[in-house]
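Colleague: here is my input, please return the structure:
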Amino acid sequence: MDTVPAPAAAPDDLAVADLPLADYLCFAVYSANLAFGKAYKPILDVLGLTYTQYITVIALSEQENQTVSGLGEKLFLESNTLTPILKKLEAMGYLTRQRATADERQVIVNLTEEGRQLRRKAAEGNNLFQACGLSAQEFPKMQKSVVALRDSLLKSLPGK
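Modeller: Predicted structure coming up:
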């Protein structure tokens, strides 16, 4: 009598303790993040930026007059992490920070012209779209899948 091999176990059927590290989704995302950092490093080194400074400039280029708290939400950064980044970018001449006139507890952040030029300069040297190894059709699907994963994880947190 021929035996049919059992189908591969679905993720729900696996005990986490039995998975090798390479099969952990969290490790795949973590290590992909590290790979992105290594891929961006040569581009950002030329600009004198860290990755977090770079994404801050991108977020600021999308909308003027953002509050520090609103920018922090967009970047998934706490104020105590974001404030030193903003101070450094301000010292570099890439942005301005001003207290809001309506509510002095709020700080409004805007890119300077130098900050807008920096965003354009960073885009010129960025060939990471090709480095991802994804087709033009696969790229947005992957990005949406990762965002959906992130949002699901955030929704699963206590108090959310």
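Colleague: which parts of the helix or strand harbouring V29 are buried?
Modeller: Assigned by DSSP states H and E, V29 belongs to helix 25-47. For helix 25-47, burial by neighbour count (16 or more other CB atoms under 10 Å) applies to Y40, I43, L44, L47. Glycine gets a C-beta too; all of them are placed from N, C-alpha and C.
Colleague: output the contacting helices and strands for that helix.
Modeller: Judged by 3 or more CB pairs under 8 Å, 6 or more residues apart in numbering; DSSP states H and E, helix 25-47 is in contact with helix 51-62, helix 113-124, helix 128-131, helix 138-156.
Colleague: again, only this time at 7 Å
Modeller: Where contact means 3 or more CB pairs under 7 Å, 6 or more residues apart in numbering; DSSP states H and E, helix 25-47 is packed against helix 51-62, helix 113-124, helix 128-131.
Colleague: most packed of those?
Modeller: Highest mean neighbour count among the helices and strands packed on helix 25-47 (mean count of other CB atoms under 10 Å): helix 51-62, with a mean of 18.
Colleague: show me how far that helix is from its chain's centre.
Modeller: The chain centre lies 10 Å from the centre of helix 51-62; the measure is CA atoms, centre = their mean, to the nearest Å.
Colleague: so what touches the helix or strand bottoming out on mean pLDDT in the chain?
Modeller: None of the helices or strands of the chain scores lower by mean pLDDT, DSSP states H and E than helix 128-131, at a mean of 82. The contact list for helix 128-131 (CB atoms under 7 Å, 6 or more residues apart in numbering) reads A39, Y40, F139.
Colleague: pLDDT below threshold where in this protein?
Modeller: Applying pLDDT under 70 to the chain flags residues 1-14, 125, 160.
Colleague: could you redo the last one with a cut-off of 80?
Modeller: Along the chain, segments meeting pLDDT under 80 span 1-17, 125-127, 129, 160.
Colleague: quick one on the thing from earlier: which of the contacts of helix 128-131 sits closest to A91?
Modeller: Closest approach between the contacts of helix 128-131 and A91, by CB to CB: Y40, at 21.9 Å.
Colleague: how about the closest one, what does it touch?
Modeller: By CB under 7 Å, 6+ apart, the neighbours of Y40 are Y51, L128.
Colleague: no further queries at this time; thank you.
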